[in-house]
Each structure stands twice: as C-alpha cells, then as structure tokens.
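*Asks:* Test case, fold it:
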Amino acid sequence: MTSGTSVERGGRRMLVGMTTLTSSRADLAPRARVSRFLHTRFGRFLATYLEMTVAMVVGMAVLGAVWDAAWPDVARHPDGMALTMGLDMSVGMGAWMWVRRHSARHILEMSAVMVLPFVLLLLPFHLDLLSGDALLTWGHVAMFALMAAYLWARPHTAGAHPARTSSPTLRRPAARRGRLAAALLVGGAALALVAGVLHPHAEAPNAHAAVFAEYAHSTDWVWVHDLQFLSAAVVAAGFVVVSGTLTRAGASPTLLRLGNGTAAATVSLIGVNMAVDGVALKGAVDAWATAGPDQSASRFAAAEAMRWLEWGVNSFFTVLLGLTVLLFAAALLQCAHVGTAVRLAGVSGVLAGVFLVMGGLAVGSRGFEPSALPRVATALYVVMALGLPSLDRAAHRAAGTTAVVSSMDGR
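*Replies:* This is a model prediction of the structure:
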C-alpha cells in the first residue's frame, strides 16, 4: 500500500512525498503462532508434560538395563516390576527437572505423583483383587492422569532459580579446550566401538572352547588390541585437556587431580589388559589349537588361566574408568551454574560412571557375559562429552564481561 502528498504549484498538482506501507505477516508465521501458543497456560502445561514424559521414558530405558543385569527375572514379579518402573521413571524425570532448574520441592512432589498409583494398587494386587497385567496397566493410566492433574493445578516451569551468568573464576578464555576435550572423548569412544566391531565376537565369550578356536583363527588380533589401547589413551587425553577448563569454571582442583590420577591409572591397566589379551592369550590359544592330543588339555588349561587373568585386569580397569568418569561428572556438577548443557553432562556422567563400575564388578564375578550396561554407559558418556563445549562459551562470555567492566573502570 502506498500513500502520497501533493501540493498545488503553477496550476499543476505535484507529488512531493510518498510513503510505502507494508502489512507485516510475521505474526501469522507458524513460528510466531507456536511461540504465542507456548506462552499460554495450556501451551506451557503441554510442553512441560511432554518434557516429563520423554524424560520418564528415557529413565525407564536407561535404568532398565541395570535391572536386567541385577535382577534378570524381575518381569516374573508384577509388583517388583511396577515398583522398579516407577522408580526408573521418577529418577529420569527428576534428573531432567534438575537439569531444567526446577525447584527441589517440585521434583519431590512430581516423584511422589509418579510412584503413588503403583503403591496404592499393590494392596488389591496382593489381595488377589487385581491381576499383574491390570496392576501395570492401571498404574500407568493413573500415573499419567495424576501427573497431568498436578501440572495443571500447580503449574511450574523450568528456570525457577536464576543461574549465575558468569563465574568469578572464569577470567581467561579457554582456547576452546572444552571443544577439543569433547572431540577427544567422543573420538576415543568411536575408536573403541570400531575395535569392538573388528574384534572376533561370533561365539559366546564365556564358552571357552568355541571362543578360543575363534580367536586362534583371527589374523588381525594384535592390531585390533592396539586400537583398543589407543582408544583408552585418547579418552584419558580428553579428560586431562578438560581439567584445566573445569578448574577455571570453578571445579575443585583436588577433585580434578584425583580424576587425572584415575585416568592415568586406567590407561596403565588397559595397557596390561591388552598385553594379556592381545599377546599372551593369543599365544596360548594358538598353542592349544596346534597342540597334539597329549598336550591339548594342559594347553587349554593355560589358555583358560590367561582368560581368567584377563577377567581380573578388565574388571579393575573398567571400575577405574567408571571412577574417572564419576570424578569428572562431579566436577561438571560443581560447574552447574554455567548452563543446562553442563548440568545434563554432569547427570549423564554420573549415570555412565555408575554403570561402568557395575559392569566392571560383573566382569570380575561372572566374566564376559552379554550385557546392555556397556552400551548404555557409552551412550551416556557421549552425552556427557557433548556438554563440554558449553564451558568454552561460558569462558568467552565471562572474559568479555570482564573486559567491559575493566574498560568502564578505566574511564
């Protein structure tokens, strides 16, 4: 639309000004409509409800691996399954609420809402008034209904507690060490994954006769184990790189020195493990595979001794790796003021460290039984690593703030 003004001059009308008016349709764009919707009470309720639901499902999936390892027949007990599922979902939801800066009161109230239906339905279940399937079905229905009612009656949103925008210890920019550390940690995990795929794994690892025969036919055994050792060295380097940035972000130097020490010890132990598995065990199974009937039994016993030694070393290095991840996760939690990504990294690191320790203890007691714990721990560890670049951004923001304040003080 255009509008103009004109004046009479010499018997003629002359156009002396024109303004072009445009009608903006930005308020009709999908993003604008979604934004307006999310600022309504129902929009905030729906977004929070979906967030909680996703966090509950993730918690149930992640912690379900723990119950599969610790209590394999939990599915046979509907009451135990109901309580463990309620606990898993409450932990997942509570952890995400903490990451999103909900208050402790809201976290506890929501957790109670999650578990209460299952607890109340246990009485009719044990009185044989309710079947196991009905216990689980109606427990979930009541849980989601109560959660919706609570969120609608007591609306609360993320960010209830304002975060500090900068830390007094973040004075110098960190030269993108958080990004470098994340690349090293994720790269080390990727190398370990590649080495695990290349490692012979067709036979059950605790079926020694079959697995020894498989190992004896491997032609790339040594360099695959060299790759496994390299992956651990890269991971340890990532932890060492990020320790300086965490110190500047406000983490305890003592905690980080302990983390660096356990990282170094982990690399040392995995070196021993690769020497036992990558060299000694391979020699033992090759000798057994080529032995005559009179020497086969003794050489098989020697190979089993090497295997049991591998169990022990693998158990201790996995526990140490878990402790290393736990120490650095604790350091990340000390820097929770930096932002949501760092808080999520800290929570994920704690879970990954616990799962690694549990996996290491399981190897020490039962050998290399199939388990979902290592895969879940690796996924959580990667989530932790991906939160580290936020430390760089916080460092640069703090450095910029310090520079502005200094320039104003100098005037």
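*Asks:* CA only for contacts and neighbour counts going forward, please
*Replies:* OK.
*Asks:* Enumerate the positions of stretch 210-223 that are buried.
*Replies:* 211-212, 214-216, 221-222 (16 or more other CA atoms under 10 Å).
*Asks:* cool, stretch 290-304 as well?
*Replies:* Buried-residue list, stretch 290-304, by 16+ other CA under 10 Å: 299-300, 302-304.
*Asks:* Identify all contacting residues around it.
*Replies:* For stretch 290-304, the external contacting residues (CA atoms under 8 Å, 6 or more residues apart in numbering) are 208, 281, 284-285, 287-289.
*Asks:* Straight-line length of that stretch, end to end?
*Replies:* 16 Å (CA to CA, to the nearest Å).
*Asks:* just to revisit the earlier point, just the buried residues of stretch 210-223: which are in helices?
*Replies:* 211-212, 214-216, 221-222 (DSSP state H).
*Asks:* Let me have the residues you listed in TSV, adding distance to residue 372 and pLDDT as columns.
*Replies:* Output for those, formatted as TSV (distance: CA to CA, whole Å; pLDDT from 0 to 100):
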residue	distance to residue 372	pLDDT
211	20	91
212	23	93
214	23	91
215	23	92
216	27	90
221	24	86
222	26	84
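*Asks:* And for residue 349, nearest residue in space, chain neighbours not counted?
*Replies:* residue 329 (4.8 Å; CA to CA, 6 or more residues apart in numbering).
*Asks:* neighbours around that neighbour, how many?
*Replies:* For residue 329, the neighbour count with other CA atoms under 10 Å is 28.
*Asks:* can you pull the contacts of it?
*Replies:* Residue 329 touches 345-350, 384, counting by CA under 8 Å, 6+ apart.
*Asks:* same question, residue 78
*Replies:* By CA under 8 Å, 6+ apart, the neighbours of residue 78 are 132-133, 135-136.
*Asks:* Can you tell me which of those are buried?
*Replies:* For these, buried by 16+ other CA under 10 Å: 132, 135-136.
*Asks:* Let's see which of the residues you listed end up in helices.
*Replies:* 132, 135-136.
*Asks:* The chain: helices as residue ranges?
*Replies:* Going by DSSP H, the chain shows helices at 30-38, 41-70, 78-99, 104-126, 132-153, 177-198, 208-216, 221-248, 253-275, 282-289, 296-334, 340-366, 373-386, 389-409.
*Asks:* Of those helices, which shows the lowest average pLDDT?
*Replies:* Note on the helices of the chain: lowest mean pLDDT is at helix 389-409, with a mean of 58.
*Asks:* picking up where we left off before, now the contacts of residue 329 as a markdown table including neighbour count and distance to residue 257?
*Replies:* Formatted as a markdown table, those follow (neighbours: other CA atoms under 10 Å; distance: CA to CA, whole Å):
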| residue | neighbour count | distance to residue 257 |
| --- | --- | --- |
| 345 | 27 | 20 |
| 346 | 31 | 18 |
| 347 | 22 | 20 |
| 348 | 24 | 21 |
| 349 | 30 | 17 |
| 350 | 26 | 18 |
| 384 | 29 | 19 |
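*Asks:* With respect to residue 190, which of these is nearest?
*Replies:* residue 384 (14.5 Å; CA to CA).
*Asks:* correct me, but that closest one touches residue 340?
*Replies:* No - with contact defined as CA atoms under 8 Å, residue 384 does not reach residue 340; the gap is 11.8 Å.
*Asks:* Can you pull the domain assignment for the chain?
*Replies:* 40-153, 177-401 (automatic domain parsing).
*Asks:* Dump those to a markdown table, plus distance to residue 34.
*Replies:* Formatted as a markdown table, the domains of the chain follow (distance: least, CA to CA, whole Å):
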| stretch | distance to residue 34 |
| --- | --- |
| domain 40-153 | 9 |
| domain 177-401 | 23 |
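*Asks:* So which of these is the most surrounded?
*Replies:* domain 177-401 (a mean of 20; mean count of other CA atoms under 10 Å).
*Asks:* of all the contacts of stretch 290-304, which comes closest to residue 309?
*Replies:* Using CA to CA, the contacts of stretch 290-304 come closest to residue 309 at residue 281, 9.5 Å.
*Asks:* Contacts only, for that closest one.
*Replies:* 303, 306-307.
*Asks:* ok, 6 Å please
*Replies:* Taking CA atoms under 6 Å, 6 or more residues apart in numbering as the contact definition, residue 281 lies against residue 306.
*Asks:* quick one: it from residue 275, how far?
*Replies:* Distance from residue 281 to residue 275, by CA to CA: 9 Å.
*Asks:* And for residue 93?
*Replies:* 43 Å.
*Asks:* on that earlier part again, shared neighbours, residue 281 and residue 275?
*Replies:* By CA under 6 Å, 6+ apart, no residue touches both residue 281 and residue 275.
*Asks:* on that earlier part again, can you tell me which two in the ones in helices among the buried residues of stretch 210-223 are farthest apart?
*Replies:* Farthest pair in those, by CA to CA: 211 and 222, 16.4 Å.
*Asks:* Reformat the contacts of residue 329 as a markdown table; add distance to residue 144.
*Replies:* Output for these, formatted as a markdown table (distance: CA to CA, whole Å):
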| residue | distance to residue 144 |
| --- | --- |
| 345 | 28 |
| 346 | 28 |
| 347 | 25 |
| 348 | 25 |
| 349 | 29 |
| 350 | 28 |
| 384 | 29 |
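*Asks:* which among these gets closest to residue 185?
*Replies:* Nearest member of the contacts of residue 329 to residue 185, counting by CA to CA, is residue 384, at 9.3 Å.
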